[in-house]
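Novice: what's the 3D shape of this:
(chains A and B)
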Protein chains: 2
Amino acid sequence: MELVERLIAGDERALARAISTAENDGSGAAEVLRRIFPKTGRATVVGITGPPGAGKSSLVDRLITRYRSAGNKVAVVAVDPSSAFSGGAFLGDRIRMQQHATDRGVFIRSMATRGQLGGLSRASGDAVDLFDAAGYDPVILETVGVGQDEIDVARSADVVAVVLVPGMGDDIQAIKAGILEIANLFVVNKADRPGADRVVADLESMLSLAPPGDGPRPEILCTVAPRDEGIDEVVAGIARYLESAGTARRERLRRERSETRFLALLRERLTGRVLELALAGDRFDATVRAIAERRIDPYSAVDDLVRRVEVR
Amino acid sequence: MELVERLIAGDERALARAISTAENDGSGAAEVLRRIFPKTGRATVVGITGPPGAGKSSLVDRLITRYRSAGNKVAVVAVDPSSAFSGGAFLGDRIRMQQHATDRGVFIRSMATRGQLGGLSRASGDAVDLFDAAGYDPVILETVGVGQDEIDVARSADVVAVVLVPGMGDDIQAIKAGILEIANLFVVNKADRPGADRVVADLESMLSLAPPGDGPRPEILCTVAPRDEGIDEVVAGIARYLESAGTARRERLRRERSETRFLALLRERLTGRVLELALAGDRFDATVRAIAERRIDPYSAVDDLVRRVEVR
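Specialist: Below you'll find the predicted structure:
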């Protein structure tokens, strides 16, 4: 049987291979993604994001157990940009897989970028589609919510839970402000630690000051993931949000997600194509050298090139 | 006098205006950047990066004081992607400016992206050039080192100090692995807290296992920024690194930086140009809608467009 058919039938090896291809080189995976695309758009994508150290992985592991009990096949796409240089994502994969290793209804996949701008959102979008086509629902998208790329990734989910934790530094204020707009649900994890009440109070005052958005007001829930406390409430909160947000919002989100994917893919492919057409061989290096030696400024170099671009 | 001349003469208002233009819309600033470009490449760019809560801002404030005492004009470009949605960077600006408000030799500028992929590295690169042309040296580039965009920004500095702090979560392991490759110097801040020795020991064992890079082995320094402890050593460590790394490495870095800027700018401009040429008016929306409704897959939509691109 062919890769695409095996994948849609739920074959894990076919799935793993397709995701690796998507991660390493988008163009190799294009044919597969093209063919599975009509089978996508069915899974609910649950975004879990927050700063490093907030205990996102433990929370996700508990959520997996709940969704499994309800009979769902669950996939996790863990976006881990910090491993870009080290390949550490694969180590993380192995460690986390152990917990659900005997359960064939769970598939956890960590993704690292290969240093390409925008490559992260493209590759993680591909992985979500592949899981979706293979019948996983929900697909949990776990990101470290600090950088712009990661915020873009989180935005693409149907519902975004932002995980915070008591006792982090001052920068948490800035993070909270930044992710307020993407949060549909707040989870204060490690809520047995001192300072949890203050985080909840801070969030409440922040929400009371925020202009009314287009969706329901985000709930604030407390959890202690290692002790399994509050997890059922998070599952219920996610379901409540999805129900109250309604289909109109979901349709709009789906359009936004399509736009993001189209643009990310276009940026990647377009630059490659133009460099190939206009700056093949030594010419790319020569241009970069001219900029480094201040013989030409980057704006002029880019404008010279962009001005010559045409679309048949 | 014209904006460019005023900027090069060190006029702060002209500088502030040029940076705002670069941040809000690259194309408006292109003419200014083109003209100041021959005046750039003189300042030393000092990257300070690390996870949220590591106390980077306090450390940077102390470094400013040292460089000022040595008679330098100091600029800070604080890259704050978390404020992308809230405009919070400007509030942060005002708070931090107060400390050095009476000192005209210090210019602190926070930058937030406007949601555009790659826009962050382009805009912060522009700001560094503008400060450089206006005679600021060093230019301190402060980033939250977690996402791919931010790692790319940090890479563009002549020397990168990675700031860590005792007692953060497990994710710190992943972060450390990820930023190992860009660190020229480690600063363990808040070193009066329990666990500082362990962070130092972890870093030392990590460095002893790492393959030898092309530069000198990173030093590990301890600071307590609010008490002004260890700051002189950081200044000396930065100087030592720059001296021992030598000019060959600096030339290579300058080439890498030119390449990054060229590509970031090319991606931004190219996509704009092709969308304008091929998908003007309602056609962009129609394409996105077709993808959202699964009538066309994003790969085919992009390939159809990219295949038609030519360079005269």
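Novice: can you tell me which helix in chain A is longest?
Specialist: helix A:231-278 (DSSP state H).
Novice: tilt between that helix and helix B:231-278?
Specialist: For helix A:231-278 against helix B:231-278, the angle by axes from the mean of the first three to the mean of the last three CA atoms, to 10 degrees is 70 degrees.
Novice: Check whether helix A:231-278 comes near chain B.
Specialist: Yes - Helix A:231-278 comes into contact with chain B (CB under 8 Å from any CB of the partner chain), by way of A:251, A:254-255, A:257-259, A:261-267, A:269-271, A:273-275, A:277-278. All C-beta atoms are positioned from the backbone trio N, CA, C, and that covers glycine.
Novice: list the contacts for A:Val76?
Specialist: A:Val76 is in contact with A:60, A:64, A:106-109, A:139-142, counting by CB atoms under 8 Å, 6 or more residues apart in numbering or on different chains.
Novice: packing partners for the host helix or strand of A:Ile36?
Specialist: Assigned by DSSP states H and E, A:Ile36 belongs to helix A:26-36. Under the contact criterion of 3 or more CB pairs under 8 Å, 6 or more residues apart in numbering or on different chains; DSSP states H and E, helix A:26-36 touches helix A:3-8, helix A:12-24, helix A:119-133, helix A:231-278, helix B:298-307.
Novice: now those as TSV including mean neighbour count, distance to B:Val153 and mean pLDDT?
Specialist: TSV is the format used below for those (neighbours: other CB atoms under 10 Å in any protein chain shown; distance: least, CB to CB, whole Å; pLDDT from 0 to 100):
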stretch	mean neighbour count	distance to B:Val153	mean pLDDT
helix A:3-8	18	37	91
helix A:12-24	18	23	88
helix A:119-133	26	15	85
helix A:231-278	18	18	89
helix B:298-307	20	27	92
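Novice: Tell me which helix or strand comes right after the helix holding A:Ile36.
Specialist: Next element after helix A:26-36 (DSSP H and E): strand A:45-50.
Novice: after that following strand, next one along is what?
Specialist: Criterion used, DSSP H and E; the element after strand A:45-50 is helix A:56-69.
Novice: For that following helix, list every residue counted as buried.
Specialist: Residues A:56-64, A:66-67 are the ones in helix A:56-69 that count as buried (16 or more other CB atoms under 10 Å in any protein chain shown).
Novice: which residue packs closest to A:Leu7, ignoring adjacent ones?
Specialist: Ranked by CB to CB, 6 or more residues apart in numbering or on different chains and with sequence neighbours excluded, the top spatial neighbour of A:Leu7 is A:Ala14, at 4.3 Å.
Novice: Report the contact partners of that neighbour.
Specialist: By CB under 8 Å, 6+ apart, the neighbours of A:Ala14 are A:3, A:6-7.
Novice: low pLDDT regions in chain A?
Specialist: A:1, A:25-27, A:80-102, A:112-120, A:145-152, A:168-180, A:212-214 (pLDDT under 70).
Novice: Got the domain ranges for it?
Specialist: Listed by automatic domain parsing, the domain ranges of chain A are A:3-267, A:279-307.
Novice: Dump those domains into a markdown table; add distance to B:Lys73 as well.
Specialist: Listed next are the domains of chain A as a markdown table, based on distance: least, CB to CB, whole Å:
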| stretch | distance to B:Lys73 |
| --- | --- |
| domain A:3-267 | 27 |
| domain A:279-307 | 21 |
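Novice: which one of the ones you listed lies closest to B:Ala225?
Specialist: domain A:3-267 (12.1 Å; CB to CB).
Novice: And for the closest residue in space to A:Glu259 that isn't next to it in sequence, the neighbour number?
Specialist: In space, and not counting its chain neighbours, A:Glu259 is closest to B:Val288: 4.6 Å by CB to CB, 6+ apart. Residues near B:Val288, counting by other CB atoms under 10 Å in any protein chain shown, number 22.
Novice: Check A:Arg289 too.
Specialist: A:Arg289, neighbours per other CB under 10 Å, totals 15.
Novice: For the contacts of A:Val76, which PyMOL command selects only the ones that are buried?
Specialist: Of the contacts of A:Val76, the buried ones can be selected in PyMOL as follows, counting by 16+ other CB under 10 Å:
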select buried, chain A and resi 60+64+106+107+108+109+139+140+141+142
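Novice: Name the nearest of the contacts of A:Val76 relative to chain B.
Specialist: For the contacts of A:Val76, the closest approach to chain B (CB to the nearest CB) belongs to A:Glu142, at 11.4 Å.
Novice: and the closest one, helix, strand or coil?
Specialist: Judged by DSSP: H, G, I helix; E, B strand; the rest coil, the three-state class of A:Glu142 is strand.
Novice: Next, the contact list for it, please.
Specialist: Contacts of A:Glu142 by CB under 8 Å, 6+ apart are A:47-49, A:56-57, A:60, A:76-79.
Novice: now what about the helix holding A:Ile36, what contacts it?
Specialist: Residues contacting helix A:26-36 (CB under 8 Å, 6+ apart): A:3-4, A:7-8, A:18, A:21-22, A:119, A:122-123, A:126, A:129-130, A:133, A:265, A:268-269, B:297-300, B:303.
Novice: Name the residues of it that come out as buried.
Specialist: Using 16+ other CB under 10 Å as the test for burial, helix A:26-36 gives A:26, A:29-30, A:32-36.
Novice: Report the distance from it to the chain centre.
Specialist: The chain centre lies 19 Å from the centre of helix A:26-36; the measure is CA atoms, centre = their mean, to the nearest Å.
Novice: try stretch A:265-278
Specialist: 24 Å.
Novice: hey, C-alpha coordinates of that stretch in PDB?
Specialist: In PDB, the C-alpha atoms belonging to stretch A:265-278 read as follows (Å, rounded to 0.1, in the frame of the first residue of the first chain):
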ATOM      1  CA  LEU A 265       4.800  28.500   2.500                       C
ATOM      2  CA  LEU A 266       4.900  31.300  -0.100                       C
ATOM      3  CA  ARG A 267       7.800  33.100   1.700                       C
ATOM      4  CA  GLU A 268       9.800  29.900   1.900                       C
ATOM      5  CA  ARG A 269       9.300  28.800  -1.700                       C
ATOM      6  CA  LEU A 270       9.500  32.200  -3.300                       C
ATOM      7  CA  THR A 271      12.800  33.100  -1.900                       C
ATOM      8  CA  GLY A 272      14.300  29.800  -2.900                       C
ATOM      9  CA  ARG A 273      13.000  30.200  -6.500                       C
ATOM     10  CA  VAL A 274      14.200  33.800  -6.900                       C
ATOM     11  CA  LEU A 275      17.700  33.000  -5.500                       C
ATOM     12  CA  GLU A 276      17.900  30.000  -7.900                       C
ATOM     13  CA  LEU A 277      16.800  32.100 -10.900                       C
ATOM     14  CA  ALA A 278      18.800  35.200 -10.100                       C
END
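Novice: any idea how far A:Pro211 is from chain B?
Specialist: 11 Å (CB to the nearest CB, to the nearest Å).
Novice: tell me the SS of that residue?
Specialist: With three-state DSSP as the basis, A:Pro211 sits in coil.
Novice: okay, now it: neighbour count?
Specialist: 4.
Novice: Same question for A:Arg283.
Specialist: For A:Arg283, the count of nearby residues is 11 (other CB under 10 Å).
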